[in-house]
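*Asks:* generate a structure from the sequence data that follows.
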Amino acid sequence: MVSRTVLVTRPDSAGDVLLAGPAVRAVGAHADRVVFLAGPRGRAAAELLPGVDRVIEWQAPWIDADPPPVTGEHVARLMEALPDAGEAVILTSFHQSALPLALLLRLRGVGRITAISEDYPGSLLDVRVRIDEARHLPEAERMLTVAAAAGFPPADGGALADEGFAVVVTGGPGERALTAHVAGGHAIDLGGLTSLPELAGVLRDACALVAGNTGPAHLAAAVGTPVVSLFSPVVPAGRWAPYGVPYVLLGDQDGPCKDTRARICPVDGHPCLAGVTAAQVVKAVRELVR
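*Replies:* Take a look at the predicted model:
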(Lines give C-alpha, C1' and ligand atoms only; values in the text may rest on other atoms or scores of the structure.)
Protein backbone atom coordinates (compact mmCIF):
# COMPACT_ATOMS: atom_id res chain seq x y z
CA MET A 1 0.00 0.00 0.00
CA VAL A 2 1.42 3.38 -1.04
CA SER A 3 1.84 5.91 1.78
CA ARG A 4 -0.16 9.09 1.30
CA THR A 5 2.25 11.96 1.88
CA VAL A 6 0.74 15.44 1.68
CA LEU A 7 2.71 18.66 1.54
CA VAL A 8 1.04 21.60 3.30
CA THR A 9 2.57 25.03 2.77
CA ARG A 10 2.29 28.39 4.52
CA PRO A 11 5.75 29.99 4.15
CA ASP A 12 4.80 32.99 6.26
CA SER A 13 5.12 34.36 9.81
CA ALA A 14 4.48 32.48 13.05
CA GLY A 15 0.96 33.80 13.56
CA ASP A 16 -0.06 32.84 10.03
CA VAL A 17 1.29 29.34 10.56
CA LEU A 18 -0.55 28.93 13.86
CA LEU A 19 -3.81 29.94 12.17
CA ALA A 20 -3.16 27.12 9.70
CA GLY A 21 -3.36 24.65 12.60
CA PRO A 22 -7.01 23.57 12.06
CA ALA A 23 -6.39 22.97 8.35
CA VAL A 24 -3.24 20.98 9.13
CA ARG A 25 -5.16 18.85 11.63
CA ALA A 26 -7.79 18.18 8.97
CA VAL A 27 -5.13 17.03 6.51
CA GLY A 28 -3.38 14.96 9.17
CA ALA A 29 -6.60 13.12 10.00
CA HIS A 30 -6.70 11.67 6.47
CA ALA A 31 -3.05 11.50 5.36
CA ASP A 32 -0.36 9.02 6.35
CA ARG A 33 2.30 11.72 6.57
CA VAL A 34 2.19 15.53 6.58
CA VAL A 35 5.22 17.59 5.54
CA PHE A 36 4.92 21.32 6.24
CA LEU A 37 6.80 23.89 4.14
CA ALA A 38 7.45 26.95 6.31
CA GLY A 39 9.45 30.13 6.02
CA PRO A 40 12.20 31.08 8.48
CA ARG A 41 9.74 33.27 10.42
CA GLY A 42 7.21 30.45 10.78
CA ARG A 43 9.30 27.33 11.27
CA ALA A 44 9.16 27.32 15.08
CA ALA A 45 5.36 27.60 14.96
CA ALA A 46 5.12 24.85 12.34
CA GLU A 47 7.04 22.49 14.61
CA LEU A 48 4.33 22.96 17.27
CA LEU A 49 1.41 21.98 15.03
CA PRO A 50 -0.26 18.64 15.81
CA GLY A 51 -0.10 16.22 12.92
CA VAL A 52 3.07 17.56 11.27
CA ASP A 53 5.67 14.83 10.70
CA ARG A 54 8.39 16.97 9.15
CA VAL A 55 9.05 20.69 8.63
CA ILE A 56 10.97 22.09 5.65
CA GLU A 57 12.23 25.65 5.81
CA TRP A 58 12.49 27.77 2.67
CA GLN A 59 12.23 31.53 2.22
CA ALA A 60 9.66 32.34 -0.48
CA PRO A 61 10.79 35.42 -2.45
CA TRP A 62 7.19 36.46 -3.23
CA ILE A 63 5.96 36.26 0.39
CA ASP A 64 8.71 36.99 2.90
CA ALA A 65 8.88 40.56 4.21
CA ASP A 66 12.64 40.61 3.55
CA PRO A 67 12.68 38.61 0.31
CA PRO A 68 15.81 36.92 -1.02
CA PRO A 69 16.66 37.26 -4.72
CA VAL A 70 15.17 34.71 -7.08
CA THR A 71 18.11 32.60 -8.23
CA GLY A 72 18.52 29.12 -9.62
CA GLU A 73 20.53 28.15 -6.56
CA HIS A 74 17.80 29.29 -4.17
CA VAL A 75 15.09 27.41 -6.09
CA ALA A 76 17.32 24.33 -6.30
CA ARG A 77 17.53 24.23 -2.49
CA LEU A 78 13.75 23.94 -2.36
CA MET A 79 13.64 21.25 -5.02
CA GLU A 80 16.20 19.16 -3.13
CA ALA A 81 14.36 19.52 0.19
CA LEU A 82 10.86 18.70 -1.07
CA PRO A 83 9.58 15.18 -0.39
CA ASP A 84 8.06 12.87 -2.95
CA ALA A 85 4.53 14.00 -2.20
CA GLY A 86 1.61 12.99 -4.34
CA GLU A 87 -0.35 16.09 -3.43
CA ALA A 88 0.00 19.55 -1.93
CA VAL A 89 -2.27 22.04 -0.20
CA ILE A 90 -1.06 25.63 -0.59
CA LEU A 91 -2.36 27.97 2.10
CA THR A 92 -2.23 31.72 1.50
CA SER A 93 -3.65 34.99 2.75
CA PHE A 94 -5.93 37.16 0.61
CA HIS A 95 -3.06 39.31 -0.68
CA GLN A 96 -0.80 36.43 -1.68
CA SER A 97 -0.64 34.33 -4.82
CA ALA A 98 -0.31 30.56 -4.68
CA LEU A 99 0.74 30.27 -8.31
CA PRO A 100 4.54 30.80 -8.05
CA LEU A 101 4.83 27.97 -5.55
CA ALA A 102 2.36 25.85 -7.54
CA LEU A 103 4.65 26.17 -10.55
CA LEU A 104 7.68 24.99 -8.56
CA LEU A 105 5.74 22.10 -7.04
CA ARG A 106 4.49 21.08 -10.48
CA LEU A 107 8.07 21.06 -11.77
CA ARG A 108 9.03 18.91 -8.78
CA GLY A 109 6.42 16.35 -9.81
CA VAL A 110 3.66 16.96 -7.29
CA GLY A 111 0.61 15.41 -8.90
CA ARG A 112 -2.35 17.15 -7.26
CA ILE A 113 -2.29 20.75 -6.04
CA THR A 114 -5.08 22.70 -4.31
CA ALA A 115 -5.06 26.42 -3.57
CA ILE A 116 -7.07 29.62 -3.69
CA SER A 117 -6.55 31.61 -6.87
CA GLU A 118 -8.44 34.55 -8.28
CA ASP A 119 -6.10 34.53 -11.29
CA TYR A 120 -6.55 31.88 -13.96
CA PRO A 121 -4.23 29.03 -12.89
CA GLY A 122 -4.19 27.00 -16.10
CA SER A 123 -2.66 23.60 -15.37
CA LEU A 124 -0.88 24.78 -12.23
CA LEU A 125 -3.77 23.82 -9.97
CA ASP A 126 -5.93 20.71 -9.96
CA VAL A 127 -8.41 22.15 -7.48
CA ARG A 128 -8.94 25.90 -7.77
CA VAL A 129 -10.75 27.43 -4.78
CA ARG A 130 -12.59 30.73 -5.16
CA ILE A 131 -13.29 32.88 -2.08
CA ASP A 132 -15.50 35.95 -1.75
CA GLU A 133 -12.89 38.16 -0.15
CA ALA A 134 -15.52 40.81 0.69
CA ARG A 135 -16.81 38.45 3.40
CA HIS A 136 -13.60 38.84 5.45
CA LEU A 137 -13.61 35.16 6.33
CA PRO A 138 -11.38 34.43 9.37
CA GLU A 139 -7.96 33.19 8.23
CA ALA A 140 -8.32 29.83 10.00
CA GLU A 141 -11.67 29.19 8.29
CA ARG A 142 -10.28 30.36 4.95
CA MET A 143 -7.55 27.73 5.19
CA LEU A 144 -9.99 25.06 6.38
CA THR A 145 -11.96 25.75 3.20
CA VAL A 146 -8.89 24.97 1.12
CA ALA A 147 -8.19 21.75 3.05
CA ALA A 148 -11.79 20.63 2.63
CA ALA A 149 -11.71 21.37 -1.12
CA ALA A 150 -8.59 19.21 -1.35
CA GLY A 151 -10.51 16.32 0.20
CA PHE A 152 -9.51 16.82 3.83
CA PRO A 153 -12.63 17.82 5.81
CA PRO A 154 -12.22 18.57 9.51
CA ALA A 155 -11.92 15.40 11.52
CA ASP A 156 -14.98 14.32 13.47
CA GLY A 157 -14.59 15.41 17.09
CA GLY A 158 -11.30 16.16 18.78
CA ALA A 159 -11.02 19.91 18.21
CA LEU A 160 -11.84 20.88 21.81
CA ALA A 161 -9.66 18.08 23.15
CA ASP A 162 -6.80 19.26 20.93
CA GLU A 163 -7.16 22.68 22.58
CA GLY A 164 -6.65 21.16 26.04
CA PHE A 165 -10.26 20.84 27.19
CA ALA A 166 -11.47 17.70 28.95
CA VAL A 167 -14.54 16.80 26.89
CA VAL A 168 -17.57 14.80 28.03
CA VAL A 169 -20.26 13.71 25.54
CA THR A 170 -23.80 13.08 26.81
CA GLY A 171 -26.97 11.78 25.21
CA GLY A 172 -30.07 9.73 25.77
CA PRO A 173 -30.32 5.91 25.75
CA GLY A 174 -31.26 5.92 22.08
CA GLU A 175 -28.19 7.98 21.13
CA ARG A 176 -25.43 5.68 22.35
CA ALA A 177 -24.06 4.92 18.89
CA LEU A 178 -24.00 8.64 18.11
CA THR A 179 -22.28 9.67 21.35
CA ALA A 180 -19.71 6.88 20.92
CA HIS A 181 -18.96 8.18 17.40
CA VAL A 182 -18.64 11.78 18.57
CA ALA A 183 -16.49 10.88 21.58
CA GLY A 184 -14.17 8.69 19.52
CA GLY A 185 -10.85 8.49 21.31
CA HIS A 186 -10.98 12.14 22.36
CA ALA A 187 -13.70 12.34 25.01
CA ILE A 188 -15.53 10.57 27.83
CA ASP A 189 -18.73 8.98 26.53
CA LEU A 190 -21.70 9.19 28.93
CA GLY A 191 -24.33 8.42 26.29
CA GLY A 192 -27.37 6.84 27.93
CA LEU A 193 -25.74 6.77 31.35
CA THR A 194 -27.14 9.87 33.06
CA SER A 195 -30.53 10.57 34.59
CA LEU A 196 -31.76 14.15 34.49
CA PRO A 197 -30.37 14.93 38.00
CA GLU A 198 -27.06 13.27 37.08
CA LEU A 199 -26.89 15.26 33.86
CA ALA A 200 -27.48 18.43 35.89
CA GLY A 201 -24.49 17.47 38.03
CA VAL A 202 -22.30 16.92 34.98
CA LEU A 203 -23.32 20.28 33.55
CA ARG A 204 -22.86 22.08 36.87
CA ASP A 205 -19.21 20.97 36.96
CA ALA A 206 -18.54 21.89 33.32
CA CYS A 207 -16.90 25.15 32.25
CA ALA A 208 -19.25 25.31 29.25
CA LEU A 209 -21.82 23.30 27.31
CA VAL A 210 -21.95 22.91 23.53
CA ALA A 211 -25.47 21.90 22.48
CA GLY A 212 -28.36 22.58 20.17
CA ASN A 213 -31.38 24.62 21.20
CA THR A 214 -32.82 21.82 23.32
CA GLY A 215 -33.41 20.81 26.94
CA PRO A 216 -29.80 20.35 28.10
CA ALA A 217 -29.03 23.95 27.10
CA HIS A 218 -31.69 25.18 29.52
CA LEU A 219 -30.57 22.69 32.18
CA ALA A 220 -27.03 24.09 31.88
CA ALA A 221 -28.41 27.62 32.28
CA ALA A 222 -30.35 26.48 35.35
CA VAL A 223 -27.15 25.31 37.06
CA GLY A 224 -25.19 28.41 35.97
CA THR A 225 -23.06 26.94 33.17
CA PRO A 226 -22.34 29.07 30.04
CA VAL A 227 -23.63 27.68 26.76
CA VAL A 228 -22.39 27.58 23.17
CA SER A 229 -25.74 27.18 21.43
CA LEU A 230 -25.90 25.74 17.92
CA PHE A 231 -29.24 27.39 17.43
CA SER A 232 -31.47 26.55 14.49
CA PRO A 233 -33.85 29.46 13.89
CA VAL A 234 -37.02 27.37 13.84
CA VAL A 235 -37.95 29.38 16.94
CA PRO A 236 -36.77 32.92 17.81
CA ALA A 237 -33.52 33.06 19.76
CA GLY A 238 -34.86 36.07 21.63
CA ARG A 239 -37.40 33.78 23.26
CA TRP A 240 -35.53 30.49 23.51
CA ALA A 241 -31.81 31.21 23.94
CA PRO A 242 -30.27 30.08 27.28
CA TYR A 243 -31.44 32.43 30.00
CA GLY A 244 -29.42 34.02 32.76
CA VAL A 245 -25.94 32.80 31.75
CA PRO A 246 -23.34 33.95 29.22
CA TYR A 247 -23.89 32.27 25.86
CA VAL A 248 -22.69 32.37 22.27
CA LEU A 249 -25.18 31.74 19.48
CA LEU A 250 -23.89 29.93 16.38
CA GLY A 251 -25.84 29.29 13.20
CA ASP A 252 -27.60 31.32 10.52
CA GLN A 253 -30.51 32.97 12.30
CA ASP A 254 -32.01 34.03 8.97
CA GLY A 255 -31.96 30.53 7.47
CA PRO A 256 -34.87 29.27 5.34
CA CYS A 257 -36.28 27.31 8.30
CA LYS A 258 -36.73 30.50 10.33
CA ASP A 259 -39.83 30.55 12.55
CA THR A 260 -41.20 27.28 11.13
CA ARG A 261 -41.20 25.56 14.55
CA ALA A 262 -40.11 22.42 12.68
CA ARG A 263 -38.84 19.50 14.77
CA ILE A 264 -37.15 17.87 11.74
CA CYS A 265 -35.12 20.02 9.35
CA PRO A 266 -37.41 21.02 6.46
CA VAL A 267 -34.49 22.05 4.21
CA ASP A 268 -32.01 19.67 2.57
CA GLY A 269 -28.51 19.92 3.96
CA HIS A 270 -29.44 21.64 7.25
CA PRO A 271 -28.05 24.98 5.92
CA CYS A 272 -28.64 26.98 9.10
CA LEU A 273 -26.03 24.92 10.97
CA ALA A 274 -24.00 23.14 8.27
CA GLY A 275 -21.65 26.13 7.98
CA VAL A 276 -20.66 26.10 11.66
CA THR A 277 -17.06 24.91 11.93
CA ALA A 278 -15.15 23.23 14.72
CA ALA A 279 -12.90 26.30 14.83
CA GLN A 280 -15.92 28.51 15.53
CA VAL A 281 -17.04 26.23 18.36
CA VAL A 282 -13.58 26.23 19.94
CA LYS A 283 -13.41 30.03 19.66
CA ALA A 284 -16.82 30.37 21.29
CA VAL A 285 -15.89 28.07 24.18
CA ARG A 286 -12.68 30.01 24.75
CA GLU A 287 -14.60 33.30 24.83
CA LEU A 288 -16.99 31.96 27.44
CA VAL A 289 -14.28 30.39 29.58
CA ARG A 290 -12.27 33.60 29.45
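*Asks:* contacts and neighbour counts: CA atoms only from here.
*Replies:* Fine.
*Asks:* the helix or strand of the chain with the lowest mean pLDDT - contacts with which helices or strands?
*Replies:* Scoring the helices and strands of the chain by mean pLDDT, DSSP states H and E places helix 159-162 at the bottom, with a mean of 77. Other elements packing on helix 159-162 under the criterion 3 or more Cα pairs under 8 Å, 6 or more residues apart in numbering; DSSP states H and E are helix 278-289.
*Asks:* what's the end-to-end length of stretch 181-192?
*Replies:* One end of stretch 181-192 to the other measures 14 Å (Cα to Cα, to the nearest Å).
*Asks:* residues in contact with that stretch?
*Replies:* For stretch 181-192, contacts defined as Cα atoms under 8 Å, 6 or more residues apart in numbering pick out 156-158, 161, 166-176, 179-180.
*Asks:* list buried members of those by neighbour count.
*Replies:* G157, G158, V167, V168, V169, T170, G171, R176, T179, A180 (16 or more other Cα atoms under 10 Å).
*Asks:* show me these that map onto strands.
*Replies:* V168, V169 (DSSP state E).
*Asks:* domains in the chain, as residue ranges please.
*Replies:* As given by automatic domain parsing, the domain ranges for the chain are 5-149, 195-289.
*Asks:* okay, those in CSV with distance to G184 and mean neighbour count next?
*Replies:* Below are the domains of the chain laid out as CSV (distance: least, Cα to Cα, whole Å; neighbours: other Cα atoms under 10 Å):
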stretch, distance to G184, mean neighbour count
domain 5-149, 13, 18
domain 195-289, 15, 17
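*Asks:* any chance of those domains in TSV, with mean pLDDT too?
*Replies:* TSV is the format used below for the domains of the chain (pLDDT from 0 to 100):
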stretch	mean pLDDT
domain 5-149	92
domain 195-289	91
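*Asks:* what would the ones you listed look like in CSV with distance to D189?
*Replies:* Shown next, in CSV, are these (distance: least, Cα to Cα, whole Å):
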stretch, distance to D189
domain 5-149, 21
domain 195-289, 12
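*Asks:* just the strands from the stretch 151-290 of the chain, written as ranges.
*Replies:* 168-169, 188-189, 209-212, 227-230, 247-250 (DSSP state E, counting those that start in this stretch).
*Asks:* could I get these as TSV with distance to C257?
*Replies:* Output for the strands of the stretch 151-290 of the chain, formatted as TSV (distance: least, Cα to Cα, whole Å):
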stretch	distance to C257
strand 168-169	27
strand 188-189	31
strand 209-212	15
strand 227-230	14
strand 247-250	15
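*Asks:* for S93, find the nearest of these.
*Replies:* strand 247-250 (24.9 Å; Cα to Cα).
*Asks:* can you give me the strands in the stretch 1-150 of the chain?
*Replies:* In the stretch 1-150 of the chain, the strands defined using DSSP E, counting those that start in this stretch lie at 5-10, 33-38, 54-57, 87-90, 112-116, 127-129.
*Asks:* brilliant, that's me finished.
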